[in-house]
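In: turn this into a model:
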Amino acid sequence: MSDETPDSLIPYDSIVQEALRAVVGRVLGEIEANGSTLPGPHHFYITFKTQAPGVSVPDSLRERFPDEMTIVLQNKFWDLNVREDGFSVGLSFNQIPAALDIPYAAITQFVDPAVDFGLQFQATVADMAPASTDTAGNDEAEQGGSEPVEGADDGSNVVTVDFGRKK
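Out: Next up is the predicted model:
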């Protein structure tokens, strides 16, 4: 017998990534159904690839964050519209309103620091290597403080799925 794991003919990693991204959609859908009001101390840090297909952000933000960007949904956001393939939301950056449209496939991280919960995803866009990310500085981060997300660096309660597919 060989110690090597055979290549799977079933794309388990893609299936799991898609299912975990659906968690983000379900959570945002519940917020939308609740009148876009976050319950209690919940708030979300959502990191996404700005160059991924289907992502729509103002050019000024894309210039500032050419690879990856983190938004904060907390106190002040509007027009949350959750779809099967992604969501759109209105946020302000330095008191300038902006509309963002983000497909779930572009999301690389979803964190709710209020309950120490996080999901981390593999980039689904070919040839997009992970890069360091600064918080976008939308007004929610300024109002709620821009302290680091608790537990984000130690990996606690962050689900990472990597089936070690051979390349």
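In: longest helix of this protein, counting residues only.
Out: Scanning the chain for the helix with the most residues, using DSSP state H, yields helix 12-33.
In: name the helices or strands packed onto that helix?
Out: Applying 3 or more Cβ pairs under 8 Å, 6 or more residues apart in numbering; DSSP states H and E, one finds that helix 12-33 contacts strand 78-82, strand 86-93, strand 107-112, strand 117-120. Quick note: C-beta positions are derived from backbone N, CA and C, even for glycine.
In: quick one: strands adjacent to the first one?
Out: The one in question is strand 78-82. Here strand 78-82 has these sheet partners by DSSP bridges: strand 86-93 (antiparallel).
In: which residues make contact with the strand it pairs with from outside it?
Out: Residues from elsewhere that reach strand 86-93 (Cβ atoms under 8 Å, 6 or more residues apart in numbering): 25, 28, 54, 56, 61, 71, 73, 76-81, 97-106, 136-140.
In: list the buried residues in that strand.
Out: In terms of neighbour count (16 or more other Cβ atoms under 10 Å), strand 86-93 has its buried residues at 86, 87, 89, 91, 93.
In: how distant is it from the center of its chain?
Out: Chain-centre distance of strand 86-93: 12 Å, with Cα atoms, centre = their mean, to the nearest Å.
In: between strand 107-112 and it, find me the angle.
Out: 70 degrees (axes from the mean of the first three to the mean of the last three Cα atoms, to 10 degrees).
In: right, and residue 119 touches residue 19 too?
Out: No: contact between residue 119 and residue 19 fails when scored by Cβ atoms under 8 Å: they sit 10.6 Å apart.
In: the more surrounded of these two?
Out: residue 119 (21 against 10; other Cβ atoms under 10 Å).
In: mind listing what the residue lying closest to that one once chain neighbours are set aside touches?
Out: Spatially, and ignoring its direct neighbours in sequence, residue 119 is nearest to residue 110 (4.7 Å; Cβ to Cβ, 6 or more residues apart in numbering). When contacts are counted by Cβ under 8 Å, 6+ apart, residue 110 touches 23, 24, 27, 44, 45, 46, 47, 118, 119, 121.
In: mind checking which of those are buried?
Out: 24, 27, 44, 45, 46, 47, 118, 119, 121.
In: hang on, the earlier thing: buried residues in the longest helix of the chain?
Out: Quick answer for helix 12-33 (16+ other Cβ under 10 Å): 16, 17, 20, 21, 24, 25, 27, 28, 29, 31, 32.
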